[in-house]
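> A structural model of the following input is requested.
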Amino acid sequence: MEHRCTERYSSDLKIIIYKHDLPIAIGRIKDGSRWGIFVETDCANVECERPLTLEVLLDRKRPSKLKHIEVKAMVIYKTARGFGAELDIETLEDANLFVDMLRGQEAPHELQSFAYAANG
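Numbers count the residues shown, from 1 in each chain. Predicted coordinates:
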């Protein structure tokens, strides 16, 4: 369950939303925590209690070898502005790294359980 009682961090990270491994929409993470996020999007093609993959596009202005990471998520609720999702991050360490990215800190060069891609 997405933990709305935990501290939330404002963000403006761009994402690509995937359903069944196919891109279906773009959006922005507006706020989040270690366990859940709110995604602002115009996409109405998401259903509650359905899994998605979110490709988080990292800030190209910051010096980092990472261009993006992929996070598995479960849609918990929908609004007219977007949806809330619970994140499936395997370790607390990776969850803390994700929060650092939400807060705009530099992305680490290696992540354990995130799928990631380095600049070419």
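> what's downstream of the strand or helix carrying A25, the next helix or strand?
Using DSSP states H and E, A25 sits within strand 22-32. Under the assignment DSSP H and E, the closest C-terminal helix or strand after strand 22-32 is strand 36-40.
> okay, buried residues for that next one please.
Residues of strand 36-40 classed as buried under the neighbour-count rule (16 or more other C-beta atoms under 10 Å) are 36-39. Using the backbone N, CA and C atoms, a C-beta is placed for each residue, glycine as well.
> helices and strands around that strand, which ones?
strand 9-19, strand 22-32, strand 82-88 (3 or more C-beta pairs under 8 Å, 6 or more residues apart in numbering; DSSP states H and E).
> if we use 7 Å, what do you get?
If you count contacts as 3 or more C-beta pairs under 7 Å, 6 or more residues apart in numbering; DSSP states H and E, strand 36-40 packs onto strand 22-32, strand 82-88.
> elements contacting the next helix or strand after the last one?
Okay, so that is strand 82-88. Helices and strands here follow DSSP H and E; after strand 82-88, the next one along the chain is helix 92-102. Judged by 3+ C-beta pairs under 7 Å, 6+ apart, helix 92-102 is in contact with strand 9-19.
> strand partners of the strand it packs on, parallel vs antiparallel please.
Sheet pairing for strand 9-19, assigned by DSSP bridges, gives strand 22-32 (antiparallel), strand 51-57 (antiparallel).
> grab the nearest non-local neighbour of C48.
Nearest in space to C48, with sequence neighbours left out and distances taken as C-beta to C-beta, 6 or more residues apart in numbering, is V75 at 5.3 Å.
> surely the one you found meets L52?
Yes: in this structure, V75 is within contact of L52 by C-beta atoms under 7 Å, at 6.3 Å.
> need the residues touching each of these two.
With contacts defined as C-beta atoms under 7 Å, 6 or more residues apart in numbering, the residues adjacent to both V75 and L52 are 46, 85.
> so where's the protein uncertain?
Regions of the chain meeting the criterion pLDDT under 70 cover residues 1-5, 59-66, 105-120.
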